[in-house]
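Engineer: Structure for the following, please:
(2 chains)
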Amino acid sequence: MCSACGFPATEGHWSEAGAADAHQRLRARFIRARKLNEVLRNYGLSAYDDGQTPGIQIADRTGQVILARDLGEVWIAAEKLVGKAIDPLDPRFMAR
Amino acid sequence: MSLTPANRIRLKILSGFLGSGKTTWLRHQLHEGALRGRVVIVNEAAAAAIDDALLADLARVIVIPGGCICCTRQAEFLAALRRHCDQARPPDIVLETSGLAEPARIVEAIRADPVLVHHMVIDDVLVTVDAVHARASLQSDPLVRRQLVSADRLLITKLDQLEEADVACLIATLRSINPGAQVTGTIRGEDARLPDHAGAEAFELPALAGQSEKPVVAADIAIDPAMGWEVFSLWLSALLHARGDEIFRIKGVVRTPAGRVLLQCVQKSVLPPEILPETQAGGGDFDNRVAFIGRGFDQSSLQRSITEFAADKT
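Structural biologist: Numbers count the residues shown, from 1 in each chain, chains lettered A, B, ... in the order given. Model prediction:
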C-alpha cells in the first residue's frame, strides 16, 4: 500500500513482464508516458507519470484528471474523458 | 509475480460440444500414458457424473457435477483449483469441461483469480468437433462457434463416420471460423489421418443472433525489435481495450529486457506472460512475431498501425 495515495499493491499488470528489475521498470514507465502523450494529444488529452507516484495521470484540457493504475486503466480513463474508446486502427490514433 | 514456467501448475483444457468425444479422446490419451501424472478435473452439466466412472481407473479424477464451471459452478471450480494449489507438489491438470462450457470464460475466471493467476499456466485449449453432427450444430448453435474460436487445436472426432469429401468441407469450415488452430483427426481416441482439403468449400453458415458477419482472419504481425516491449505492450493494451470483443486469440513470443516473453490472450484476457528459456530447440525463429485471430481487422491494418505507432514522432 502506498501511504501517499492509498493505492493497494496490485498483482502486476501483464505489461510488467518485460522488465526484470527496478531500473527497467522505471525506464519502461518513461518510454510509455512519452509515447502515450504522442497519441493522447490527438484526442486533447495528456499523460503524466513522474516515475515515483504510483499510476499514470490522464488529463483533459478542462483540468479533469483520472489516475490510472496500469495500462488497462489508462484506456478506460481516456475513453471516459473522450467519450469513446481510443482505437489503434483509427487513423486519428496515428495522426501527427 | 513469479514468471518462471517451472514452478507453476500446467493446465490443459479439453472442451467441445455435448457428445463430441471429449471423454473418449481423454481415456485413450490416459491409457497410452500421454498425460501421465496429471490430475483430471471433470465437469458435467448433469447432476450424475458418468465420465468419472469412465476415467477413474486411469487417473486421479476430481468431479464437479451439476452445472457448468464457466458459469453456475464457477466458484466451486475455482475453490477446487485453489485446494489443488495448496498441496506440497501439485501435479499438472487436464480439465474436461462440460459440453456447454465456453473455454474463454474459464480462462478469464482463472486469470481474474488473485491466487490462481500466480500458480497456473494454461498449456493449450483443445476442442473436439463431432464429424457427424458438426455441420448441424455449427449452423444452429452460437455456443459451438464460441467454443471453436478459443481453441489452439481442433480435434475432429468420429472421422470414420463421414465421407472424406464431407470431412474436407468440415476442415475448410473450421479453418474459416478459427484460422489459427491446428486441426487434427481422431477415431475412438486414436490419431487418424485427415483427408486433403485443398479446394474444399466451407459450409454456408448463417449469421446467428448476436454474431457478427465479418470474416475471421488470422494475421501474423512482425514486431520491430527497435520498437521494444514497452511500446508494443502500450499499443496492444489500447487494441485490447478498443477491440477486445472482436479478438479471439493472440499468441506470440516477444523479446524484452527480461527475456523471451510468451504472450497469450484468449479473447480480451491476457494470460500471465511466461519468460521462456533462451536455449529451447528451434527457439528464436518465431521471436517477435505475434499471431492475431479475430474479426474487424486484417494483416495490413494491424501491421500499419503498429509500424506507425513505433515510429518516433517527436
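
Engineer: make it CA atoms for all contacts and neighbour counts henceforth
Structural biologist: Will do.

Engineer: bridging residues for B:D287?
Structural biologist: Residues in a beta bridge with B:D287, per DSSP bridges, are B:V253.

Engineer: how many neighbours does it have?
Structural biologist: 17 (other CA atoms under 10 Å in any protein chain shown).

Engineer: what pLDDT does it get?
Structural biologist: pLDDT, B:D287: 87.

Engineer: closest point of the stretch 51-200 of chain B to chain A, which residue?
Structural biologist: Minimum separation of the stretch 51-200 of chain B from chain A (CA to the nearest CA) falls at B:P114, amounting to 7.5 Å.

Engineer: My reading is that that residue lies in a helix. Confirm?
Structural biologist: No - assigned with DSSP: H, G, I helix; E, B strand; the rest coil, B:P114 falls outside any helix and is coil.

Engineer: Looks like B:P277 contacts B:R260 (just checking).
Structural biologist: Yes - in this structure B:P277 lies within contact range of B:R260 using CA atoms under 8 Å: 7.1 Å.

Engineer: How about the residues of chain A by chain B?
Structural biologist: A:11-12, A:14-15, A:17-20, A:24, A:28, A:31-32, A:35-36, A:38, A:71-72, A:75-76, A:85-89, A:94, A:96 (CA under 8 Å from any CA of the partner chain).

Engineer: tell me the contacts of residue 60?
Structural biologist: All of this is about chain A. A:D60 makes contacts with A:44-46, A:81, as judged by CA atoms under 8 Å, 6 or more residues apart in numbering or on different chains.

Engineer: that's the other chain; I wanted chain B
Structural biologist: Applying CA under 8 Å, 6+ apart to B:R60 gives the contacts B:38-40.

Engineer: Neighbour-wise, give me the winner out of those.
Structural biologist: Counting neighbours by other CA under 10 Å, B:V40 comes out on top of those with 26 neighbours.

Engineer: average pLDDT across the host helix or strand of that residue?
Structural biologist: Per DSSP states H and E, B:V40 falls inside strand B:39-43. Mean pLDDT, strand B:39-43: 92.

Engineer: same for it, what does it pack against?
Structural biologist: With contacts taken as 3 or more CA pairs under 8 Å, 6 or more residues apart in numbering or on different chains; DSSP states H and E, strand B:39-43 sits against strand B:61-64, strand B:93-96.

Engineer: Could I get the full set of helices for the stretch 51-200 of chain B?
Structural biologist: B:51-55, B:74-85, B:103-112, B:116-119, B:134-140, B:142-149, B:164-177 (DSSP state H, counting those that start in this stretch).

Engineer: related to what we said a few turns ago, quick one, which of B:P277 and B:R260 is more surrounded?
Structural biologist: Neighbour count, other CA under 10 Å: between B:P277 and B:R260, B:R260 has more, with 23 against 13.

Engineer: count of residues packed around the residue in chain A positioned nearest to chain B?
Structural biologist: Of all residues in chain A, A:A20 sits closest to chain B, with a separation of 4.6 Å (CA to the nearest CA). By the criterion of other CA under 10 Å, A:A20 has 13 neighbours.

Engineer: Could you pick out the longest helix of the chain?
Structural biologist: Let's take chain A. The residue-count maximum for a helix in chain A (DSSP state H) belongs to helix A:22-40.

Engineer: My question was about chain B, not that one.
Structural biologist: Scanning chain B for the longest helix, with DSSP H as the assignment, gives helix B:228-243.

Engineer: Please tabulate the helices of the stretch 51-200 of chain B in TSV, including the columns distance to B:E204.
Structural biologist: What follows is these, written out as TSV (distance: least, CA to CA, whole Å):
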stretch	distance to B:E204
helix B:51-55	34
helix B:74-85	35
helix B:103-112	25
helix B:116-119	39
helix B:134-140	8
helix B:142-149	13
helix B:164-177	8
